[in-house]
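Engineer: Structure, please.
(3 chains)
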Amino acid sequence: MAELAETYQKLYSRYGPQSWWPTSYGLRPWQWEVCVGAVLTQNTGWRNVERALANLAGARCLTAVDVLKIPASGLQALVRPAGYFRQKAQRLKSLAELVLAFGSVGSFLRHVTRERLLAVHGIGPETADCILLYAAGRPEFVVDAYTRRAFSRLGLLTGNESYGQIRQMFEAELPRDARLFNEYHALIVRLGKELCRKLPNCIGCPLRNSCMYGREVG
DNA sequence: GGCCAGGACACCA
DNA sequence: TGGTGTCATGGC
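Structural biologist: So this is what the prediction gives:
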């Protein structure tokens, strides 16, 4: 499966560095903003997440302590643009509780385990891996809907693999390097946004003229 | 008006 | 264990 390393090189050549994760709303510390974004982006476009982050910043709800202090109804109103606002407000409070159980965001990121994150109601495997990779800087590969779609299109996945199977596939072949995993996931999302969702053999596929494997995609 | 977006969980067979 | 329904907003 050397294709995964080769695919990364081709995506990087095509799109260049993506430099995820954007943190520019002033939540503190910036790693907490990544954690909040990871929850808010669940099944939601990033533009709507940005509206919610701007609301939080505007209301000076900047830290995990602030999230615990604010009434649920107030937090719901702030995150409303990101959708599922009742669920996500509760999930942010649960995550803030876990963070503060470690004393600080820094301590939380150094010591929290993946299992401890997954034990939080509303934190699933992708959200947990996003937090570990993008906030804690740990080499945990993030799998999402784009990964399934793009690599199924390339014939490297059937589309029926579990989250853990896909994650293991990437982590087994690639060097465990957080910067690599960071860029790779972001590049996959960039590619995924260009792939036509409705037509598996779409002639407009961006891979058509620089196909990873020297053949038509589909 | 329908479809989709950087998921997770409850419920059921 | 796998399939299905639910949660919700905003852009196109």
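
Engineer: Look up which helix or strand the residue positioned nearest the centre of chain A falls in, please.
Structural biologist: Taking CA atoms, centre = their mean as the criterion, A:C130 is the residue nearest the geometric centre of chain A, at 4.5 Å. Using DSSP states H and E, A:C130 sits within helix A:125-130.

Engineer: Averaged pLDDT, that helix. What do you get?
Structural biologist: For helix A:125-130, mean pLDDT rounds to 97.

Engineer: residues in chain A within reach of DNA strand C, list them.
Structural biologist: By the rule CB under 7 Å from any atom of the strand, the part of chain A lying against DNA strand C is A:43-45, A:47-48, A:51, A:80-81, A:83-87, A:162. In short, each C-beta sits where N, CA and C put it, glycine included.

Engineer: Go again with 10 Å.
Structural biologist: A:42-45, A:47-49, A:51-52, A:55, A:76, A:79-91, A:122, A:160-162 (CB under 10 Å from any atom of the strand).

Engineer: Need the phi and psi values for the spatially closest residue to the residue nearest to the centre of chain A that is not a sequence neighbour.
Structural biologist: What sits nearest to A:C130 in space, not counting adjacent residues and going by CB to CB, 6 or more residues apart in numbering, is A:A38, at 4.1 Å. Main-chain dihedrals, A:A38, degrees, to the nearest 10: phi -60, psi -40.

Engineer: so A:A38 touches A:G124, yeah?
Structural biologist: No - at 10.5 Å, A:A38 and A:G124 do not qualify as touching, with contact defined as CB atoms under 8 Å.

Engineer: returning to what we had before: can I get the helix holding A:C130 in PDB, CA atoms only?
Structural biologist: Provided in PDB are the C-alpha atoms of helix A:125-130 (Å, rounded to 0.1, in the frame of the first residue of the first chain):
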ATOM      1  CA  PRO A 125     -13.700   9.000  16.900                       C
ATOM      2  CA  GLU A 126     -13.300  11.800  14.300                       C
ATOM      3  CA  THR A 127     -13.800  14.600  16.800                       C
ATOM      4  CA  ALA A 128     -11.400  12.900  19.300                       C
ATOM      5  CA  ASP A 129      -8.800  12.500  16.600                       C
ATOM      6  CA  CYS A 130      -9.200  16.100  15.400                       C
END
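
Engineer: Contacts for it, please.
Structural biologist: Contacts of helix A:125-130 with the rest of the structure, by CB atoms under 8 Å, 6 or more residues apart in numbering, involve A:34, A:38-39, A:42, A:114, A:117-118, A:140-144, A:163-164, A:167.

Engineer: overlap between the residues of chain A next to DNA strand C and the residues near DNA strand B?
Structural biologist: Among those, proximity to DNA strand B is found for A:42-45, A:47-49, A:82-84, A:87-88, A:91, A:122 (CB under 10 Å from any atom of the strand).
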